[in-house]
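Participant: Structure for the following, please:
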Amino acid sequence: MTAIPFQGTFDSSQLPAGPTGPQGPAGVSPTAAAVAAALAATPSFVSAVAAAVSATSTGTTGGTTGGTTGGTTGGTTGGTTGGTTGGTTGGTTGTVPTANSIQVSGGRIYDTNKVEFIPIGVNECHLDSAAPDYIPLAPVNCVRYFLDGQGYPLASHLANIAKYTAAKICVILTQTGSSRGVATTGDQNFADLQDVVNWWVTNAPTLAPVLNPHHMINIANEFGPSGSAAWSTDYISAVQQLRAAKYTCPIVIDSGGSGQDTSDLLNYSTQVFNADPLKNVIFSFHVYGGTPSAAALNTFAAQLRALANQNGAAYIFGEFGPGNNIGPSPTLITPAQVVAAATANGFGWLYWAWDDNDLGGGQTDNNWFGMTTTGPGVFSPGPPPTGLTAQGQVVYALLEAAAPKKLTDF
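Facilitator: Numbering: from 1, shown residues only. The predicted model follows:
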């Protein structure tokens, strides 16, 4: 999925063709004091952000970017010993390398303390929503955050990343458009992917110190063809360029076919993973209409687990919706069925989306994807939580049941 920038009052009739959701207005900041206090306790990150903002404002580092959506993810594992099988257990193994970033090893994800991390959370859909102030109040450990092109000041994104970092939430920073305004979702033109890679490389002096310790890069939202070696060839080039630019954090790569192609992951992800000198790649599958049934999803998830055990790469379900047969790629697969398939195979999962509203003024009803009724992105954690749509209540209950454990190395 993707979203478009807010330009006044918006309703679903204004949506362009393709997978997109409307944009909501800027939100309030009820947690500002708490965020400030938490930031004071993370001086190394504050220094990195301060330097980045300063460099951005003085023009010493290149590039600006735009963002309207994001996502959260979290982990439900932990401990210092334990198994590495199943969806909600984990720990350390003797094969996990020492690293200064989150690291993939043996088909699992680990923090720098070598504790397994299973990303569980939501996508943040809009740059100017209230999400960064409210998602930290929810039971998540990761958010997938959309940049949505290259038009917004980088400092705006850094401020939001700082809020999530203060709450010990891993951010999957996701680029969604080229400098020419071409959306990456469904795009198959390598020139557009290269344009996005150029943006990451240009901004590496600013972003790498901020992202490398606790966060991840999602190179390009839903880029690439289905069932094609070109998908692997394009991403091998992209990964190697990002590593040369000193990004050491995990690189998240969406499957082709708007994130929904099974064959790209089953047939070509191993080549991409092996081409990364750090072997630190996470592949993401988006569960929408391209998956015909929950049974098919269970079969595919088991295939991915077997592949992960063999090639050492990690896999997640990076997007899925309410399963109400709505949207640009309708499906009846429910959030509970997606979560069950992910949990059975030890995969992380991220719901689309916390703040994807379908009505003007940032409002959301029960006929779309958004989890919050106002803002968009505003809710009260309670208990019980209030301000959630019907689909929001379902997903929030799944998050509470998962009780995702956060990175231990913040």
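
Participant: Does Gly392 touch Thr372 like I think?
Facilitator: Yes - Gly392 lies in contact with Thr372 (CB atoms under 8 Å); the separation is 6.0 Å. Every C-beta, even on glycine, is put in place using the N, C-alpha and C of the backbone.

Participant: Mind jotting down where the helices sit in the stretch 51-200 of the chain?
Facilitator: With helices called from DSSP state H, counting those that start in this stretch, the stretch 51-200 of the chain shows them at 131-134, 154-166, 190-202.

Participant: now the stretch 1-150 of the chain, which segments are flagged as low pLDDT?
Facilitator: For the stretch 1-150 of the chain, residues meeting the criterion pLDDT under 70 lie at 2-95.

Participant: follow-up on the earlier one: could you dump the helices of the stretch 51-200 of the chain into CSV and include mean neighbour count and distance to Ala401?
Facilitator: Listed next are the helices of the stretch 51-200 of the chain as CSV, based on neighbours: other CB atoms under 10 Å; distance: least, CB to CB, whole Å:
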stretch, mean neighbour count, distance to Ala401
helix 131-134, 28, 20
helix 154-166, 22, 22
helix 190-202, 19, 36
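
Participant: Could you dump these into CSV and include distance to Tyr268?
Facilitator: Output for the helices of the stretch 51-200 of the chain, formatted as CSV (distance: least, CB to CB, whole Å):
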stretch, distance to Tyr268
helix 131-134, 33
helix 154-166, 30
helix 190-202, 15
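
Participant: so which of the ones you listed gets nearest Gly290?
Facilitator: The minimum distance between Gly290 and the helices of the stretch 51-200 of the chain falls on helix 190-202, with 20.6 Å, by CB to CB.

Participant: Run the chain-centre distance for the closest one.
Facilitator: Put simply, helix 190-202 sits 19 Å off its chain's centre (CA atoms, centre = their mean, to the nearest Å).

Participant: Repeat that for stretch 197-206.
Facilitator: Put simply, stretch 197-206 sits 19 Å off its chain's centre (CA atoms, centre = their mean).

Participant: how many neighbours does Arg305 have?
Facilitator: 18 (other CB atoms under 10 Å).

Participant: and the nearest residue to it once chain neighbours are set aside, how many neighbours does it have?
Facilitator: Leaving aside its sequence neighbours, Arg305 sits nearest to Asn345 (CB to CB, 6 or more residues apart in numbering; 4.0 Å). By the criterion of other CB under 10 Å, Asn345 has 22 neighbours.

Participant: do the same with Ala296
Facilitator: For Ala296, using other CB under 10 Å, the count is 14.

Participant: Over to Pro292: give its phi and psi.
Facilitator: phi -70, psi -20 (degrees, to the nearest 10).
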